[in-house]
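S.K.: this one's structure only:
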């Protein structure tokens, strides 16, 4: 029986793509008050030692992922808004949707920026079954760097 952690849950929990157990970010909360700490990442996975920044400038590609996520979220917001409130050119409903969508995008921006890095890294680094043999990070190891 495989002990493989779930692909999508590992992504949502922002775990290392190589072992799916080590944290990528030093602080798990993307909505912290200090904006400068949103991208505080480990250089390497605390569990399997996978390097996160594969090459200089690697994270520039996350802009494409972030853009796609922003568009997908905006389309989702349009659908639910249209379903619940309706849309028309005859009233201000389009402007209300634009405002609500803008606020949602701004509020979720710290999470979107982080998940974009996670998704982008998952494109290039694959899961390794051998990492299941490594010690569990939750038992006896202190990762409060």
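M.R.: Nice, thanks for sending it over. In this text, all values refer to a predicted model and were calculated from it rather than measured experimentally.

S.K.: ok, how many other residues are close to residue 64?
M.R.: Residue 64: 11 surrounding residues under other Cβ atoms under 10 Å. Where C-beta positions appear, they are placed from N, C-alpha and C, glycine not excepted.

S.K.: Looks to me like it is in a helix.
M.R.: Yes: under DSSP: H, G, I helix; E, B strand; the rest coil, residue 64 sits within a helix.

S.K.: residues contacting it?
M.R.: By Cβ atoms under 8 Å, 6 or more residues apart in numbering, the contact list for residue 64 is empty.

S.K.: quick one: it from residue 119, how far?
M.R.: Per Cβ to Cβ, to the nearest Å, residue 64 is found 10 Å from residue 119.

S.K.: what about the helices in this structure?
M.R.: Ranges of helices within the chain are 7-12, 62-85, 93-124, based on DSSP state H.

S.K.: tell me the contacts of the nearest residue to residue 122 once chain neighbours are set aside?
M.R.: Leaving out its chain neighbours, the residue that sits closest to residue 122 by Cβ to Cβ, 6 or more residues apart in numbering is residue 17, at 4.5 Å. If you count contacts by Cβ under 8 Å, 6+ apart, residue 17 has them with 10, 50, 118, 121-122, 125-127.

S.K.: I'd like to know how far residue 17 sits from residue 90.
M.R.: 49 Å.

S.K.: Then residue 16?
M.R.: Distance from residue 16 to residue 90, by Cβ to Cβ: 52 Å.

S.K.: Looking at these two, which is more packed in?
M.R.: The residue with more neighbours, out of residue 16 and residue 90, is residue 16; 28 against 6, by other Cβ under 10 Å.
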